[in-house]
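> Sequence and predicted structure below; questions after.
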Amino acid sequence: MNIEEIREYCLTKLHVTEGMPFGDDTLVYKVAGKMFLLANLEGPLQLNLKASPEEVADRLQHFPEAIPAYHMNKIHWVSVKVEECNDIIRLKAWIDRSYELIVSGLPKKTRIELGF
């Protein structure tokens, strides 16, 4: 996947916004103001994705494209070298999981207001 495909995929999800709060080199996707994906725009494409601690450990152990998250809590986030990921279905599943974790962590009132 390239950055445009990732961008299009993220924007299909409910209540997702994109922005560049950290400068022109990092694209950020949020749901209800909470980040679920960060993408660098300089150098080889990498994504930071939220995951459970068990999922982070599993990805780091079994998938060479997964590395400890850059500038994030390494227990709950993992970085993915997109160019080294040959499985688009898996990458989309990891993006979906990151989104789902953020949505499930929203206050109940917010989830109801947003229709989740």
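Received the coordinates, thanks.
> so where's the longest helix in the chain?
For the chain, the helix that runs over the most residues, judged by DSSP state H, is helix 88-105.
> Quick one: list the elements packing against that helix.
Secondary-structure packing of helix 88-105 (3 or more CB pairs under 8 Å, 6 or more residues apart in numbering; DSSP states H and E): helix 3-11, strand 26-31, strand 34-40, strand 46-50. (Each C-beta comes from the backbone N, C-alpha and C, glycine too.)
> mind listing what's buried in the following helix or strand past that helix?
Toward the C-terminus, helix 88-105 is succeeded by helix 108-114 as the next helix or strand (DSSP states H and E). Judged by neighbour count using 16 or more other CB atoms under 10 Å, the buried positions of helix 108-114 are residue 110.
> Mind checking the pLDDT average for helix 108-114?
What helix 108-114 shows for mean pLDDT is 93.
> now what about it, what contacts it?
Residues from elsewhere that reach helix 108-114 (CB atoms under 8 Å, 6 or more residues apart in numbering): 14, 15, 32, 103, 106.
> can you tell me which residues contact the last one?
Contacts of residue 106 were listed using CB under 8 Å, 6+ apart, and they are 31, 32, 34, 114, 116.
> Quick check: the two most widely separated of those?
34 and 116 (12.5 Å; CB to CB).
> count of neighbours near residue 72?
16 (other CB atoms under 10 Å).
> For the closest residue in space to it that isn't next to it in sequence, give its distance to residue 115.
Nearest residue to residue 72, sequence neighbours excluded (CB to CB, 6 or more residues apart in numbering): residue 48, at 5.3 Å. Here the criterion is CB to CB, to the nearest Å. By it, residue 48 lies 27 Å from residue 115.
> The two - which one has more neighbours?
Ranked by neighbour count (other CB under 10 Å), residue 48 and residue 115 place residue 48 first, with 21 against 7.
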